[in-house]
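just a sequence and a predicted model for now, questions to come.
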Amino acid sequence: YKAGTFISKEYVGGLDLNNSSLFNKTENLEELAGEYKARETVTAGYLRFDQNFGKKLSAMVGLRLENTHLKYNGRKLTLNDDGDPESLTVTPDVKDSYLNVLPSVLLKYNVSEDFKIRGSFTETLSRPKYSALIPNVNINNKDNELTLGNPELKPTTSFNFDLSADYYFKSVGLVSIGIYYKDINDFIVTQTVRGYEYEGNSYDKFMQPRNAGDANLLGVEVGYQRDFGFIAPALKCVGFYGTYTYTHSKVNNFNFTGRENEKDLKLPGSPEHTANASLYFEKGGLNVRLSYNFASDFIDEMGESAFYDRYYDKVNYMDVNASYTFGKKLRTTFYAEANNLLNQPLRNYQGISERTMQSEHYGVKVNAGHRSGQPGAGKTGAGGNRRQAGVLQPQLHHPDRALPASPGEAERRRGLLRLLRQGAAVKGGTTSAGHGDIAFCLDFFPDFAYTKCDTQRRREGVPARAVQRGAGWCKALRRRGEADHPVLRSRLP
């Protein structure tokens with residue numbers, strides 16, 4: 001091998017891989033066992049009605065219908081007593097279909113130009129993951145374990161009530177508080193059972209995702225964002241934002257055998273406390289940010305008794321990142337970031353915190369580099385510029401698909417989204433969110449990039465509540481004349 005020499009695609013494409021005199025062909029059954037075929041067709045339509053009641057109160061009423069058709073097949077893998085693959089077969093096709101009727105009512109009351117109260121009632125659904133639905137069967141005779149998919153899973157539905165109040169400061173920033181209640185039906189969790197009979201055999205451990213019951217969830221969220229210019233004009237380039245959410249959950253109608261009458265169960269996957277905080281400095285192209293994220297522990301897998309429940313341990317992430325951007329004709333950015341400064345491990349425990357099941361330590365991740373591009377490059381005709389001031393505008397419409405890999409950074413972005421939903425403001429080409437995060441915000445609220453700000457259009461994949469609050473954010477920008485962020489400048493009317 002010679003450094004810098006790479007095999008061409010023409011060379012690889014010309015290899016005769018079926019020639020037994022040149023290559024030894026082996027089949028990795030364990031790898032093939034992860035394959036599946038899935039077809040999901042969703043037909044949807046909606047009705048919407050908007051009405052203003054005077055100058056201060058407005059309402060939006062909607063009804064959405066979604067009809068879902070499913071067809072899946074998977075693989076059945078058997079490992080022998082030595083743990084080696086013994087057989088692999090395709091499981092039969094499984095079909096299903098269901099119809100959901102999803103109403104929504106949203107109200108907004110303008111107490112004043114700077115004080116808004118919003119309330120809403122919605123019904124939403126969350127479909128099961130493909131990996132949970134496919135009818136896969138994994139039999140491990142060495143460890144005497146059985147893992148099954150569950151094509152009979154139903155989607156989780158929820159009736160949601162939200163009430164929030166947002167106050168926008170005369171300078172940049174806001175303070176907000178919200179309360180929400182969710183009535184959840186058919187939540188999904190992985191069940192683990194010891195001693196399970198399947199096809200005439202008994203297995204020491206059995207795992208399968210299931211609709212485990214219903215739950216009620218009550219929560220309070222508060223947010224604060226502001227630069228320090230109100231203390232002294234020189235501190236305008238320094239700011240803070242933070243969010244805190246408290247969630248109380250209670251499981252009802254729990255249907256795991258032997259645990260039907262168990263009380264005080266918490267909803268799996270729902271931490272009781274989450275918090276995000278960030279201190280930032282932005283001036284003259286220099287951006288520095290220190291971020292902290294916290295989430296308390298929660299159940300992520302449920303066993304035949306509380307003793308076997310698996311918990312995801314609490315996490316504390318701290319990240320720091322800095323960048324410097326310069327140049328008018330050629331925008332150049334040098335950046336550096338360090339994630340997981342607290343060396344937070346990924347840890348699971350069984351039942352109580354003292355019983356560690358798994359602990360993975362990744363250390364601090366450091367990344368540095370530079371990027372450059374011409375402002376306004378990448379024109380797309382009628383679609384306008386896809387790149388503004390060297391910041392690529394995302395084309396996705398779902399925030400989680402754009403989240404970075406770092407768990408701490410992902411939590412920071414989720415905290416940012418909570419603030420942006422509540423109406424964060426931008427001024428003088430800077431924001432506590434930063435240029436990259438504004439592009440990220442544009443991704444989450446496509447209204448910013450594609451529609452007038454004084455409309456509240458529902459777009460596919462964007463929650464109505466987020467669109468409503470996003471439109472309110474745009475209005476605040478336009479009203480205060482604070483819309484000269486390089487990305488937003490060409491987007492706002």
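Yep, that arrived. The structure presented is a predicted model; accordingly, all values stated were derived computationally and were not measured. Residues are numbered from 1 along each chain as shown.

for the rest of this, base every contact and every neighbour count on C-alpha atoms.
Will do.

residue 30 belongs to a helix, doesn't it?
Yes. With DSSP: H, G, I helix; E, B strand; the rest coil as the criterion, residue 30 is part of a helix.

so how far is residue 138 from it?
As for residue 30, its distance to residue 138 is 10 Å (criterion: CA to CA, to the nearest Å).

the more surrounded of those two?
More neighbours sit around residue 138 than around the other of residue 30 and residue 138, counting by other CA atoms under 10 Å; the figures are 20 against 17.

just to revisit the earlier point, identify the contacts common to residue 30 and residue 138.
Among the neighbours of residue 30, those also in contact with residue 138 (CA atoms under 8 Å, 6 or more residues apart in numbering) are residue 77.

pLDDT below threshold where in the stretch 301-450 of the chain?
Per-residue confidence of the stretch 301-450 of the chain (counting by pLDDT under 70) places the weak regions at 374-450.

try it again at 50.
Scanning the stretch 301-450 of the chain with the threshold set as pLDDT under 50 gives 377-450.

just give the number of residues close to residue 252.
A total of 21 residues lie near residue 252 under the criterion other CA under 10 Å.

repeat for residue 338
For residue 338, the neighbour count with other CA under 10 Å is 16.

do the one 3 residues further on as well
For residue 341, the number of neighbouring residues by other CA under 10 Å comes to 17.

does it touch residue 317 like I think?
Yes. The criterion here is CA atoms under 8 Å, and residue 341 meets it with residue 317 at 7.1 Å.

my read: residue 218 touches residue 180, true?
Yes. Contact criterion CA under 8 Å: residue 218 and residue 180 qualify, at 5.9 Å.

what ranges do the strands span in the stretch 151-300 of the chain?
Taking DSSP state E, counting those that start in this stretch as the test, the strands found in the stretch 151-300 of the chain are 156-168, 173-198, 201-227, 238-252, 273-283, 286-295, 298-303.

sheet-wise, list the partners of the third one with their directions.
Taking DSSP bridges as the criterion, strand 201-227 sits next to strand 145-148 (parallel), strand 173-198 (antiparallel), strand 238-252 (antiparallel) in its sheet.

kindly calculate the angle that the longest one makes with strand 156-168.
Put plainly, it is strand 173-198. Going by axes from the mean of the first three to the mean of the last three CA atoms, to 10 degrees, strand 173-198 is angled at 170 degrees with respect to strand 156-168.

redo the strands paired with strand 201-227 as TSV? Include distance to residue 322 and mean pLDDT.
Written out in TSV, the entries for those read as follows (distance: least, CA to CA, whole Å; pLDDT from 0 to 100):
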stretch	distance to residue 322	mean pLDDT
strand 145-148	45	93
strand 173-198	22	91
strand 238-252	14	93
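
what's the closest of those to residue 293?
The stretch from the strands paired with strand 201-227 with the least distance to residue 293 (CA to CA) is strand 238-252; that distance is 9.6 Å.

in contact with residue 115, which residues?
165, 166, 167, 168.

leaving out sequence neighbours, find the closest residue to the last one.
Distances taken as CA to CA, 6 or more residues apart in numbering put residue 174 closest to residue 168, at 4.3 Å, once the chain neighbours are dropped.

go ahead and confirm that neighbour touches residue 240.
No. Using CA under 8 Å, residue 174 is not in contact with residue 240; the gap is 11.0 Å.

in stretch 238-253, what's buried?
Neighbour-count burial for stretch 238-253, with 16 or more other CA atoms under 10 Å as criterion, is recorded at 238-245, 247-249, 251-252.

er, stretch 312-331 actually
Using 16+ other CA under 10 Å as the test for burial, stretch 312-331 gives 312-325, 331.

bridged to the residue nearest to residue 168, which residues?
Residues found in beta-bridge contact with residue 174 (criterion: DSSP bridges) are residue 168, residue 225.

returning to what we had before: quick one, which of the contacts of residue 115 are buried?
165, 166, 167, 168.

so can I have a markdown table of those residues showing distance to residue 102?
Formatted as a markdown table, the entries for the buried ones among the contacts of residue 115 read as follows, by distance: CA to CA, whole Å:
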| residue | distance to residue 102 |
| --- | --- |
| 165 | 25 |
| 166 | 27 |
| 167 | 30 |
| 168 | 32 |
